[in-house]
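Asker: Here's my sequence, what's the structure:
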Amino acid sequence: MPQKPLGLAVKAVIVDDAGRSLLIRRSRANRNFVGQWEWPGGKSDPGEAFDVALKREVLEESGLQVEITGVAGALGYEMPAVHVVLLCLEARVFGGNLRLSEEHDEFAWVPFGEYPRMALVDNIRAFMLEYAAREGTKK
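Answerer: As a prediction, the model looks like this:
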């Protein structure tokens, strides 16, 4: 059985001055995880540096310009055609106006303590909850 190729994806954990993070809900324009909440981000293009991919994806999906401030963590998961390596980076907004692409139909600034009540994207839900629990105790 041939091995699946690896694909790199990036997500931005964008936190505002009130300590809330930006979650966006996947719309019906997606094949997978419709109606579930996630951090902005997506796949990197071939040869694209991960930081460039993150900034591009966040701008495309949310209209926001961000700068990377840290590393939230990394994980891997299986999709039908690819094994995804996901790098989650902490970021802050420095420009742009919040507007969603057709891939998402709603946004919310959510305190980390509210994550367990959210319908988070299945394939990274455990990681998001673990990160939220860790961040929620920092105040």
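Asker: what does stretch 95-115 contact?
Answerer: Identification of contacts with stretch 95-115 by Cβ atoms under 8 Å, 6 or more residues apart in numbering yields 16, 18-30, 37, 59-65, 118, 128-129, 131-133, 135-136. To be clear about C-beta, it is placed using only N, CA and C from the backbone, and glycine gets the same treatment.
Asker: are any of those buried, and which?
Answerer: Buried members of the contacts of stretch 95-115, scored by 16 or more other Cβ atoms under 10 Å, are 20-26, 37, 59, 61-62, 64, 118, 128, 131-132, 135.
Asker: Can you list which of these are found in strands?
Answerer: 20-26, 37, 64 (DSSP state E).
Asker: Of those, just say which sits nearest to Met79.
Answerer: Arg26 (14.3 Å; Cβ to Cβ).
Asker: Isn't the closest one up against Val34?
Answerer: Yes - when contacts are counted by Cβ atoms under 8 Å, Arg26 is listed as touching Val34 (5.5 Å).
Asker: Pull up the overlap in contacts between the two.
Answerer: By Cβ under 8 Å, 6+ apart, no residue touches both Arg26 and Val34.
Asker: hmm, back to that, JSON lines please, covering the ones in strands among the buried ones among the contacts of stretch 95-115 and showing pLDDT and distance to Ala108.
Answerer: JSON lines is the format used below for those (pLDDT from 0 to 100; distance: Cβ to Cβ, whole Å):
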{"residue": "Arg20", "pLDDT": "96", "distance to Ala108": "8"}
{"residue": "Ser21", "pLDDT": "97", "distance to Ala108": "9"}
{"residue": "Leu22", "pLDDT": "98", "distance to Ala108": "8"}
{"residue": "Leu23", "pLDDT": "98", "distance to Ala108": "5"}
{"residue": "Ile24", "pLDDT": "98", "distance to Ala108": "8"}
{"residue": "Arg25", "pLDDT": "98", "distance to Ala108": "8"}
{"residue": "Arg26", "pLDDT": "96", "distance to Ala108": "13"}
{"residue": "Trp37", "pLDDT": "98", "distance to Ala108": "8"}
{"residue": "Leu64", "pLDDT": "98", "distance to Ala108": "14"}
